[in-house]
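Asks: Sequence first, predicted model second:
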Amino acid sequence: MRRSSEKSLIPNEVREAFKRAAELILPFKCAVCGGVADTDDRFGNYETLYRAIYGMESELHICGKCLSMTNTVDEDNRWFLCLSNPVENDPCPGLALYMPFTYKGILERAVPRIKFGKNVELARLFGIILGSCMRNEGIKADLIVPVPLSEKRLEERGFNQAYEICYPAAKINGIPAAEDCLIRTRDTGRQSEINDSSRREGNVKDAFKVNDGWDVRGLRIIVADDVATTGATLHEAAKALYKAGAAKVLCVALAGNRTVKNAEPF
């Protein structure tokens with residue numbers, strides 16, 4: 001009987017050769033739905049941008065159906081107040097939120113693939129789309145700051161999806177991205193698992209601060225996240241930046257479930 005430990009005797013180069021041969025025969029799977037990816041030859045502009053940003057070829061594969069469903073909302077419906085339920089004595093009154101996608105359909109399927117399926121290539125696709133939308137809107141800033149994960153969550157996931165989304169957006173717009181500008185002061189519960197809006201606010205209250213190595217005084221800053229629901233997380237991140245002396249903060253999320261336009265761009 002062959003022992004299972006003997007499997008390790010197959011040289012790595014042989015394994016890689018088998019893998020490459022299989023890739024030539026078997027079709028790539030769509031990163032979103034898992035179907036056959038049939039759009040590799042339609043990514044001309046995307047591949048050009050990807051190479052300019054990352055200096056390499058993209059490894060993203062997506063099907064025509066999912067690609068055709070990747071549509072932003074109308075430009076007039078992308079601006080909101082950050083908090084879905086404004087509060088009295090808000091330390092960040094009038095804080096604006098820019099959000100080009102609704103969290104349904106393709107985005108509702110894609111975001112979990114990014115966060116829990118660890119599909120960084122998919123995050124980069126939507127980051128490039130987000131960056132292109134921001135450029136078309138003429139959004140300017142001195143710095144883009146992703147909402148940080150806790151050390152525990154970052155270790156579990158291996159990457160911060162907010163940073164992977166905002167980095168290409170920053171590059172497209174010529175704005176520095178500062179991954180370590182904000183830090184979490186404590187490990188909060190998952191906002192997606194909390195339905196009550198007041199509990200969401202309490203979960204992230206005072207959960208962020210500006211890293212001691214950063215001086216943000218007088219800067220115009222964009223704070224970015226993947227999804228905004230009540231806006232509590234982005235609001236708390238913006239509050240920390242204002243407390244540290246930022247001149248102006250704009251919140252940006254890839255997607256959310258808002259339907260009412262109630263703010264103007266900063």
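Replies: All right, it came through fine.

Asks: Kindly report the domain assignment for this protein.
Replies: Per automatic domain parsing, the domain ranges recorded for the chain read 12-68, 75-256.

Asks: can you list the ones you listed in TSV and add mean neighbour count and mean pLDDT?
Replies: The C-beta positions use only the backbone N, C-alpha and C, and glycine is treated the same way. Formatted as TSV, the domains of the chain follow (neighbours: other C-beta atoms under 10 Å; pLDDT from 0 to 100):
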stretch	mean neighbour count	mean pLDDT
domain 12-68	14	79
domain 75-256	19	90
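
Asks: what's in contact with the host helix or strand of residue 53?
Replies: Secondary structure from DSSP states H and E places residue 53 in helix 44-54. Applying C-beta atoms under 8 Å, 6 or more residues apart in numbering, the external contacts of helix 44-54 come out as 56-58, 124-125, 128, 167-168, 171-172.

Asks: thinking in terms of the whole chain, how far from its middle is whatever helix or strand comes next after it?
Replies: Following helix 44-54 in sequence order, the next helix or strand is helix 64-68 (DSSP H and E). Distance of helix 64-68 from the chain centroid (C-alpha atoms, centre = their mean, to the nearest Å) equals 20 Å.

Asks: Identify each of the strands in the stretch 151-266 of the chain and give its residue range.
Replies: Here the stretch 151-266 of the chain has its strands, by DSSP state E, counting those that start in this stretch, at 182-184, 208-210, 220-228, 248-256.

Asks: in the stretch 101-250 of the chain, which spans are helices?
Replies: Here the stretch 101-250 of the chain has its helices, by DSSP state H, counting those that start in this stretch, at 106-115, 120-137, 151-157, 161-172, 197-204, 232-243.

Asks: what would the ones you listed look like in JSON lines with distance to residue 90?
Replies: Shown next, in JSON lines, are those (distance: least, C-beta to C-beta, whole Å):
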{"stretch": "helix 106-115", "distance to residue 90": "28"}
{"stretch": "helix 120-137", "distance to residue 90": "24"}
{"stretch": "helix 151-157", "distance to residue 90": "27"}
{"stretch": "helix 161-172", "distance to residue 90": "23"}
{"stretch": "helix 197-204", "distance to residue 90": "11"}
{"stretch": "helix 232-243", "distance to residue 90": "8"}
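
Asks: And the ones you listed: which comes nearest residue 100?
Replies: Nearest to residue 100, of all the helices of the stretch 101-250 of the chain, is helix 120-137, at 4.5 Å by C-beta to C-beta.

Asks: which other residues reach that closest one?
Replies: Residues outside helix 120-137 that contact it (C-beta under 8 Å, 6+ apart) are 31-32, 46, 49-50, 53-54, 58-60, 62, 70, 72, 75, 78, 98, 100-101, 107, 110, 113-114, 159, 161, 164-173, 226, 252, 254, 265.

Asks: got it, and stretch 144-158?
Replies: Contacts to stretch 144-158, defined as C-beta under 8 Å, 6+ apart, come from residues 115, 118, 160, 162-163, 165-166, 169-170, 175-184, 186-188, 208, 221-225, 233-234, 237, 241, 252.
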